[in-house]
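Engineer: any chance you can model this:
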Amino acid sequence: MLESYFPIVLQAITAIGFAAIALGLSVLLGKKGRRDGDKDTVYECGMLPISTSSPRFSVKFYMVAMLFVLFDIEVVFMYPWAVQFKELILTNTASLYSILGFVSVLAAAYIYALKKGALTWNE
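Structural biologist: Predicted structure coming up:
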């Protein structure tokens with residue numbers, strides 16, 4: 001039984017070995033130059049940078065992104081059910097109750113997000 005895992009283990013060991021060899025060679029053969037302030041600055045058209053290149057975003061953007069992913073995944077789960085809706089309802093009423101439970105959890109999550117103010121921008 002364990003013999004069937006041998007090719008996978010061998011491939012993992014080989015991949016880790018190649019990565020370790022590449023990292024080791026880059027450390028040994030790479031240039032070890034002196035770092036100063038001019039080499040660490042960003043050069044863009046001869047202009048010195050005024051501020052940091054990555055501005056800070058509000059947490060609201062991340063909240064909306066997470067809610068979008070959450071509801072988008074739930075829509076993906078609902079799509080196959082919607083395609084087969086007529087056949088499922090005629091043959092099996094348990095599928096109707098399962099999707100109603102799923103939609104009710106989705107609605108409860110949406111109402112909870114609204115009550116918590118996750119979608120309001122005026123703060």
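Engineer: CA only for contacts and neighbour counts going forward, please
Structural biologist: Noted.
Engineer: any idea how far A94 is from A65?
Structural biologist: As judged by Cα to Cα, to the nearest Å, A94 and A65 stand 33 Å apart.
Engineer: now A109
Structural biologist: 15 Å.
Engineer: higher neighbour count, those two?
Structural biologist: A109 (15 against 11; other Cα atoms under 10 Å).
Engineer: which helix or which strand is home to the more buried one?
Structural biologist: Element membership for A109, per DSSP states H and E: helix 93-116.
Engineer: report pLDDT for the residue lying closest to F71 once chain neighbours are set aside.
Structural biologist: Counting by Cα to Cα, 6 or more residues apart in numbering, L106 is the residue found nearest to F71 once chain neighbours are left out, at 7.8 Å. L106 carries a pLDDT value of 88.
Engineer: could you list the domains of this protein?
Structural biologist: Domain ranges of the chain: 2-40, 59-116, per automatic domain parsing.
Engineer: reformat these as CSV; add distance to N122.
Structural biologist: Formatted as CSV, these follow (distance: least, Cα to Cα, whole Å):
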stretch, distance to N122
domain 2-40, 39
domain 59-116, 11
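Engineer: now stretch 65-82: buried residues?
Structural biologist: Neighbour counts over stretch 65-82 (16 or more other Cα atoms under 10 Å) mark L67 as buried.
Engineer: against I16, how distant is Y5?
Structural biologist: 17 Å.
Engineer: who has more neighbours out of those two?
Structural biologist: I16 (12 against 9).
Engineer: pLDDT weak spots in the protein?
Structural biologist: For the chain, the stretches with pLDDT under 70 are 33-49, 51-53, 123.
Engineer: could you count how many residues lie near G101?
Structural biologist: For G101, the neighbour count with other Cα under 10 Å is 12.
Engineer: quick one: contacts for it?
Structural biologist: For G101, the contact set (Cα atoms under 8 Å, 6 or more residues apart in numbering) is empty.
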